[in-house]
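Visitor: Generate coordinates for the sequence data below:
(one chain, ligands or ions: 2)
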Amino acid sequence: MKLLGIETSCDETSVAVVEDGRKQCSCVVRSQIETHRLYGGVVPEIASRAHAESISQLTAQALTLAGTSLSELDGIAVTAWPGLIGALLVGVNFAKGLAFSSGLPLVPVHHLRGHVAANYLAHAELVPPFLCLVVSGGHTSLVLVEDYTIFRTLGRTRDDAAGECFDKVARVLGLPYPGGVALDQLGQQGRAGAYEFPSAEVRGAPLDFSFSGLKTAAINHLHHAEQKGEALQRADFAASLMECVADALCGRLELAARESDATALALAGGVSANSVLRRRAEELAGRLGLPLYLPPLSLCGDNAAMIAAQGFYELRVGHVADSSLNAFASREIEFSI
Ligand code: KG4
Ligand code: ZN
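Guide: Ligands and ions are numbered 1, 2, ... in the order given. Model (predicted):
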């Protein structure tokens, strides 16, 4: 079964063709990073317009690269939630048009389920159940993937996502958007532990996170250092922050793994590209004696291949929409149509 995937939830327009949820036949991604960098973050209106400009062309490209055509496909998968609403609507309406004109089933996909499914494209042996740490720019949660379309959230951030924490601190450090990537590069030359940050633990909720205190403390430190003219070891600061965030994430991942008797671990989402997090997760998996699945760096960020991959599993169980499909800015990963 071949599905077309469409992803427009944030600042990447992407279209892909994937076979049986596992084989990537094509995946084209047009990033808007250069445009949004001028503003230091994503401007939703600009993102929606850029999606509208690119989506038809990218669809034609994805089909050509896959050596296929609409008539040979079995479904149209599209990110319908969560994300920037205007951006999502471009993809959803485009997918509706394609589905209507071709008679193919329309499959709405949860963006975070898609991030989880990025692992299926790289690891043929990975099958649910497994425990997944989902870390992106907007979400941070510990999710039990009970089956391909059955998810249970064990813990989540109470405020900011890990990616948001990285992005905001990176911005004050003067690093270019998207800050997480630049922070990672900078920190690789630094010494972790040189700076201390408050814990991201939530009292009484051992599987939840809170990154806003850590983020604010880091930003305050930078502002005070600037005001007092104190020298700042930027690379050490970045390395220390990443270690602290990875420490919090892996600490909860360990607890959740022990409590849920998980038999495999995975990471998903943009922040799973972080070098410190990947190393720490590998150390943890080694200690627990569990296999760890990491998405390849090329599939950590937003892409349509992961949407088509998850779409395959959604279609298999009849999770299809009609022409009344709407987009939603937020929706739990547990939600099924
Ligand atoms: O999953 P994603 O591409 O978009 C959302 O669904 O939010 O995640 C984007 C986030 C941004 O916060 C970005 O700074 C972060 O992932 N990110 C990283 C790295 N690469 C991307 N954070 C830390 N280290 C990285 N190497
Ligand atoms: Zn994402």
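Visitor: Could you use CA atoms for every contact and neighbour count after this?
Guide: Noted.
Visitor: Next, C27: secondary structure please.
Guide: Assigned state for C27: strand (three-state reduction, DSSP: H, G, I helix; E, B strand; the rest coil).
Visitor: Check what pLDDT it gets.
Guide: For C27, the pLDDT comes out at 98.
Visitor: Give me the neighbour count for it.
Guide: Counted with other CA atoms under 10 Å, the neighbours of C27 add up to 25.
Visitor: Can you pull out the low-pLDDT segments for the stretch 151-300 of the chain?
Guide: Of all residues in the stretch 151-300 of the chain, none has pLDDT under 70.
Visitor: Which residue ranges of it form strands?
Guide: For the stretch 151-300 of the chain, applying DSSP state E, counting those that start in this stretch gives strands covering 265-268, 292-293.
Visitor: Show me what the first one is in contact with.
Guide: Under the contact criterion CA atoms under 8 Å, 6 or more residues apart in numbering, strand 265-268 has outside partners 115-116, 118-119, 130-136, 257, 285, 290-295, 300.
Visitor: on that earlier part again, so which of the strands of the stretch 151-300 of the chain has the densest surroundings on average?
Guide: strand 265-268 (a mean of 26; mean count of other CA atoms under 10 Å).
Visitor: near ligand 1, anything from that strand?
Guide: No: figure legend: strand 265-268 not in contact with ligand 1 (CA under 6 Å from any ligand atom); closest approach 7.9 Å.
Visitor: That strand pairs with which strands, and in what direction?
Guide: Paired with strand 265-268 in the same sheet, following DSSP bridges, are strand 130-135 (parallel), strand 292-293 (parallel).
Visitor: For S54, find the nearest of the ones you listed.
Guide: For those, proximity to S54 was assessed by CA to CA; strand 130-135 is nearest, at 27.1 Å.
Visitor: how far is the closest one from where the chain is centred?
Guide: Relative to its chain's centre, strand 130-135 lies at 11 Å (CA atoms, centre = their mean, to the nearest Å).
Visitor: so can I have CSV of the strands paired with strand 265-268 showing distance to H319?
Guide: Shown next, in CSV, are these (distance: least, CA to CA, whole Å):
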stretch, distance to H319
strand 130-135, 22
strand 292-293, 26
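Visitor: Out of these, which one sits most buried?
Guide: Scoring the strands paired with strand 265-268 by mean neighbour count under mean count of other CA under 10 Å gives strand 130-135 as the most buried, with a mean of 25.
Visitor: List the buried residues of stretch 74-84.
Guide: 74-84 (16 or more other CA atoms under 10 Å).
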